[in-house]
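Novice: Give me a 3D structure for the following:
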Amino acid sequence: MQNEVNRRKFITNITKGVGSAVILSSPLVSFASGFLRKPVTVGEIIDLFKKEVPHVMGADTVDTLKAGDRDIVVTGIVTTMFATIEVIRKAIALEANFIIAHEPTFYNHHDETKWLENDEVYRYKADLLKQYNIAVWRNHDYIHSTKPDGVTDGLAEQLEWKKYQEANQVIYNLPAGLTLKALINHLKTKLHVQTVRYIGNLDQLCKKILFLPGAPGGTTQIKTTSKMKPDVLVCGEISEWETAEYVRDARAKGQQLSLVVVGHIASEEPGSAFMAQWLKNKFPEIKTSHVPAGNSLSFL
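Specialist: Sure thing, here's the model as predicted:
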C-alpha cells in the first residue's frame, strides 16, 4: 500500500514538472519574459563601451552626446558614419532612438552649434531629433583607441585582408600582389564605391599596401609613407596640395609609389559595422542596425 502511495506521488510530481516546462517554453511566456528584462539606458551603453578602452579620454574628447540625454531608455540602435537627416529618418522607421555616429552631426569637429542657431538646416535636424527623443553619441576617439583599433579592425574584416595585416594594423602584405588596377577594383567592390581617385601606373604590381583610413592629415600620411615605404598608399581623404603632390614628386624622382583615395566615408564605415556587431554581442535583446551614411558627393 505504501509503495502505491509513493508511486502516485512520484507520478504527480513528474506531471507538475512537465507541465511547468511546457508553460515556461510557451511562446506567450517567452514573449512576456522580454518585458521582464531591465531597461538599458543610453548612458549604460556608452559607459560599457568606454571600458573597452585602456585609458580615460581627456576633457577635450569629441565623444559626447550631440542630442538627447543619458537617461533615455533605448528601444533600438543605429550605427553609422554620419547622423544625416536620411539616417535619422531610417532610425525613426526602425523605431531606434539611439544613433551612434563616428563623425560630427553638426558640420564641425566639436559640434559647436552657436554659429548655427539661426540656420534652417541645423534647426530642422535638431528639431527632428528632439521631436522623436533620439540620442546621438559620437564614437570617434574611443573606437580608435580600442586594442585593436575598431575602425581598422572592421576595415580589415571587410576587405578580407585580416591574414595579411601586420601588427601595426595599417600595413597589409599581399604575397602574390595585385596590379594597381586589380587593387582598385577590389577596393571598389569591398568598400561599395563606384569611383576612386588615384595616381600611378595601373599595371604596377602592389604587394605592400599602406592603408590610412579617414583624414589623418597630409603630414601623417607623408611621414608614414616615407617611413614604411609601401608600393601604394590607400587613404580616405587628402588635401590635394599635400599628399597628392608628395606622391607626384616621389614618382618623378623614380619611386614606384602609387596613391588611391577611396573617400573618407568609405574608408571608415567598416568601423560602424564593427560597432554594430559589438552591440549585438553585448545587448542581444536590443535591435541594432548598421545604416551606412553613403557618400555625400556624386561623380560624373
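Novice: ranges for the strands of the stretch 1-150 of the chain?
Specialist: 65-67, 77-80, 98-101, 135-138 (DSSP state E, counting those that start in this stretch).
Novice: Of the ones you listed, flag the one that's most buried.
Specialist: The highest mean neighbour count among the strands of the stretch 1-150 of the chain, using mean count of other C-beta atoms under 10 Å, belongs to strand 77-80: a mean of 27. Any C-beta I mention is one placed from the backbone N, CA and C, and that applies to glycine too.
Novice: That one pairs with which strands, and in what direction?
Specialist: Applying DSSP bridges, strand 77-80 is found paired with strand 98-101 (parallel), strand 288-290 (parallel).
Novice: what's it in contact with?
Specialist: 45, 87, 90-91, 94, 96, 98-102, 272-273, 275-276, 279, 283, 286-293 (C-beta atoms under 8 Å, 6 or more residues apart in numbering).
Novice: And that strand, how far out from the chain middle?
Specialist: Chain-centre distance of strand 77-80: 8 Å, with C-alpha atoms, centre = their mean, to the nearest Å.
Novice: follow-up on the earlier one: could you work out which of the strands of the stretch 1-150 of the chain reaches nearest to Gly200?
Specialist: Nearest to Gly200 among the strands of the stretch 1-150 of the chain is strand 77-80 (31.8 Å), distances taken as C-beta to C-beta.
Novice: got the CA coordinates for that closest one in CSV?
Specialist: C-alpha atoms of strand 77-80 as CSV (Å, rounded to 0.1, in the frame of the first residue of the first chain):
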residue,chain,number,x,y,z
ILE,A,77,20.2,51.4,-32.0
VAL,A,78,21.6,52.6,-35.4
THR,A,79,25.4,52.8,-36.0
THR,A,80,26.6,54.9,-38.9
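Novice: which SSE is Thr224 in?
Specialist: Per DSSP states H and E, Thr224 falls inside helix 218-228.
Novice: Just list what that helix packs against, helices and strands only.
Specialist: Helix 218-228 sits against strand 205-212, strand 232-235, helix 245-252, with contacts defined as 3 or more C-beta pairs under 8 Å, 6 or more residues apart in numbering; DSSP states H and E.
Novice: Average pLDDT for it, rounded please.
Specialist: Averaged across helix 218-228, pLDDT comes to 98.
Novice: re the thing from before, a markdown table for the strands paired with strand 77-80, including mean pLDDT and distance to Thr224?
Specialist: Converted to a markdown table, the strands paired with strand 77-80 look like this (pLDDT from 0 to 100; distance: least, C-beta to C-beta, whole Å):
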| stretch | mean pLDDT | distance to Thr224 |
| --- | --- | --- |
| strand 98-101 | 99 | 26 |
| strand 288-290 | 98 | 29 |
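Novice: Let's have those strands in a markdown table, adding distance to Asn139.
Specialist: Converted to a markdown table, the strands paired with strand 77-80 look like this (distance: least, C-beta to C-beta, whole Å):
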| stretch | distance to Asn139 |
| --- | --- |
| strand 98-101 | 5 |
| strand 288-290 | 13 |
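Novice: Select, out of those strands, the one closest to Gly154.
Specialist: Taking C-beta to C-beta, strand 288-290 is the member of those nearest to Gly154, at 10.0 Å.
Novice: I'd say Gly68 and Ile134 touch.
Specialist: Yes: under the criterion of C-beta atoms under 8 Å, Gly68 makes contact with Ile134 at 5.9 Å.
Novice: Find residues that contact each of those two.
Specialist: Common neighbours of Gly68 and Ile134 are listed as Asn97, Phe98 (criterion: C-beta under 8 Å, 6+ apart).
Novice: Can you mark which positions in stretch 151-159 are buried?
Specialist: Neighbour-count burial for stretch 151-159 flags Val151, Thr152, Asp153, Gly154, Leu155, Ala156, Glu157, Gln158, Leu159 (criterion: 16 or more other C-beta atoms under 10 Å).
Novice: show me the contacts for the third one.
Specialist: For Asp153, the set of contacting residues under the criterion of C-beta under 8 Å, 6+ apart consists of Thr146, Gln169, Phe274.
Novice: again, 7 Å this time
Specialist: Phe274 (C-beta atoms under 7 Å, 6 or more residues apart in numbering).
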